[in-house]
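**Student:** no sequence on this one, just coordinates:
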């Protein structure tokens, strides 16, 4: 069964913490995979602006999931993965296929609709219409 679905909006939020002696800005990478297939990978700059906490918000206007599987969101600095989150994407259950309805047995004694009788035109009507009457 083929499966593909689109999410109209997907938002990824990360909250990062640093130590006092860590740099105030860090280059990181957001990576989104679905069952080992990479769907998205981009660098993200985290600027703590003098604070020990920083957040990064990535919003996608439309995101396609081509199949069911495990959806992984990972956030890495260099080669070290510092945050990860996993969701299971399940395919919807198959829709039941409508089976054709069995027809009721027809009886041989079923009356057929009567054919309409052709109306004969009277000789008076035929003369007025300019036709000759039929026998």
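**Tutor:** Right, received. Where do you want to start? Small disclaimer: the values here were computed from a predicted structure and weren't measured.
**Student:** Nearest residue to residue 47 in space, please, no chain neighbours.
**Tutor:** With Cβ to Cβ, 6 or more residues apart in numbering as the criterion, residue 47 has its nearest non-adjacent residue at 4.7 Å, and that residue is residue 25. In this view, the C-beta of every residue, glycine as well, is placed from N, C-alpha and C.
**Student:** burial of that neighbour, as a residue count?
**Tutor:** Neighbouring residues of residue 25 were enumerated by other Cβ atoms under 10 Å; the total is 12.
**Student:** residues in contact with it?
**Tutor:** Listed by Cβ atoms under 8 Å, 6 or more residues apart in numbering, the contact set of residue 25 reads 45, 46, 47, 48.
**Student:** repeat that with 10 Å
**Tutor:** Shown here is residue 25, whose contacts under the criterion Cβ atoms under 10 Å, 6 or more residues apart in numbering are 18, 45, 46, 47, 48, 49, 54.
**Student:** Strands of this protein, residue ranges please.
**Tutor:** Secondary structure of the chain by DSSP state E: the strands cover 5-7, 10-17, 25-34, 37-47, 53-60, 63-65, 69-77, 80-89.
**Student:** do you know which of those strands lies nearest residue 101?
**Tutor:** Distances from residue 101 to each of the strands of the chain were compared using Cβ to Cβ; the shortest belongs to strand 5-7, at 32.1 Å.
**Student:** Sheet partners, orientation included, of that closest one?
**Tutor:** strand 63-65 (antiparallel) (DSSP bridges).
**Student:** Only the buried residues of the partner strand, if you could.
**Tutor:** Neighbour-count burial for strand 63-65 flags 63, 65 (criterion: 16 or more other Cβ atoms under 10 Å).
**Student:** now swap in stretch 66-83 and tell me
**Tutor:** Going through stretch 66-83 with 16+ other Cβ under 10 Å, the ones that come out buried are 68, 69, 71, 72, 73, 74, 75, 76, 77.
**Student:** and the third one, what are its bridge partners?
**Tutor:** Okay, so that is residue 71. Beta bridges link residue 71 to residue 34, residue 87 when assigned by DSSP bridges.
**Student:** ok, it touching residue 86?
**Tutor:** Yes: applying Cβ atoms under 10 Å as the test, residue 71 and residue 86 come out as touching, 6.9 Å apart.
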